[in-house]
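A.B. asks: let's see this in three dimensions:
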Amino acid sequence: MAIYQYVFTYTNRRESVTKVWLANPPSNHAQTVRSYISNGAKATELLSRDPAGNALSYYELSQGEHISNQYEIEIHPTPYKNSPTVLTEEERAFYLRSTPIVKITNEVKLLGNDITRGKISDKEKAFAIFRHIRNHYKYIFPPKERGTESFLHSKEGDCGEMSWLYAALCRSQGIPCRTLVGAFVGNG
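C.D. replies: Modelled structure (predicted):
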């Protein structure tokens with residue numbers, strides 16, 4: 001058993017209101033959130049789950065306001081730590097589906113086929129997709145539009161766009177993939 005401390009701190013240094021969406025670490029079979037302390041601004045809204053299954057807190061911070069969330073997380077020992085996870089058929093279908101943000105179009109399938117040509121294992125294919133996104137797409141914030149379709153064409157977006165396209169390309173190749181959410185910050 002291992003115990004880790006995790007702290008997320010943000011202070012709004014802008015003159016306008018800043019919106020922050022913060023993913024809260026979940027308690028599950030792999031970990032237990034043993035304690036949680038929040039200092040500063042209180043969440044405006046607690047969203048039970050986003051489309052990817054992450055629990056989110058939403059804040060609207062005025063100039064100078066801050067948040068500081070501290071978590072103590074206990075990691076559970078698991079026999080699966082160093083082996084591939086075996087998904088149920090239901091989980092596999094869930095992590096291969098097309099969604100409004102992780103959209104698997106014919107264009108995504110063709111690009112995925114091109115990127116992974118000659119690769120045998122899922123690990124090789126996933127790494128080739130990662131390299132392709134890293135080498136052909138540019139980070140900008142805020143993105144002009146959200147989702148895989150707009151990012152695929154503009155080739156400019158933030159970490160969300162990159163992760164959504166990565167998931168769509170993996171899923172198009174039959175590789176189950178999920179996206180994770182950290183924190184989103186934007187002007188009001």
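A.B. asks: what residue ranges in this protein score low on pLDDT?
C.D. replies: Scanning the chain with the threshold set as pLDDT under 70 gives 45-54, 78-85, 180-188.
A.B. asks: hey, where'd the strands end up in it?
C.D. replies: 2-11, 18-24, 31-40, 45-47, 55-61, 66-75, 138-139, 156-157, 183-187 (DSSP state E).
A.B. asks: show me what the first one is packed against.
C.D. replies: In this case it means strand 2-11. strand 66-75, strand 183-187 (3 or more C-beta pairs under 8 Å, 6 or more residues apart in numbering; DSSP states H and E). Just so you know, the C-beta spots here come from the backbone N, C-alpha and C atoms, and that holds for glycine as well.
A.B. asks: partner strands of that strand, with direction?
C.D. replies: strand 66-75 (antiparallel) (DSSP bridges).
A.B. asks: what separates the strand it pairs with from the chain centre, distance-wise?
C.D. replies: Chain-centre distance of strand 66-75: 18 Å, with C-alpha atoms, centre = their mean, to the nearest Å.
A.B. asks: which residues are contacting that strand?
C.D. replies: 1-12, 20, 22, 24-25, 30-41, 57, 59, 61 (C-beta atoms under 8 Å, 6 or more residues apart in numbering).
A.B. asks: kindly recompute the last result at 6 Å.
C.D. replies: With C-beta atoms under 6 Å, 6 or more residues apart in numbering as the test, strand 66-75 has contacts from 2-11, 25, 31-41, 59.
A.B. asks: cool, stretch 116-128 as well?
C.D. replies: So stretch 116-128 is contacted by 115, 170, 173, 175 (C-beta under 6 Å, 6+ apart).
A.B. asks: give me the nearest residue to the first one, chain neighbours excluded.
C.D. replies: By the measure of C-beta to C-beta, 6 or more residues apart in numbering, the closest residue to Ile115 outside its immediate chain neighbours is His132, 4.8 Å from it.
A.B. asks: what about that neighbour, neighbour count?
C.D. replies: 18 (other C-beta atoms under 10 Å).
A.B. asks: that one against Asp114, yeah?
C.D. replies: No - using C-beta atoms under 6 Å, His132 makes no contact with Asp114, being 8.9 Å away.
A.B. asks: who wins for neighbours among the contacts of stretch 116-128?
C.D. replies: Counting by other C-beta under 10 Å, top hit in the contacts of stretch 116-128: Cys170 with 24 neighbours.
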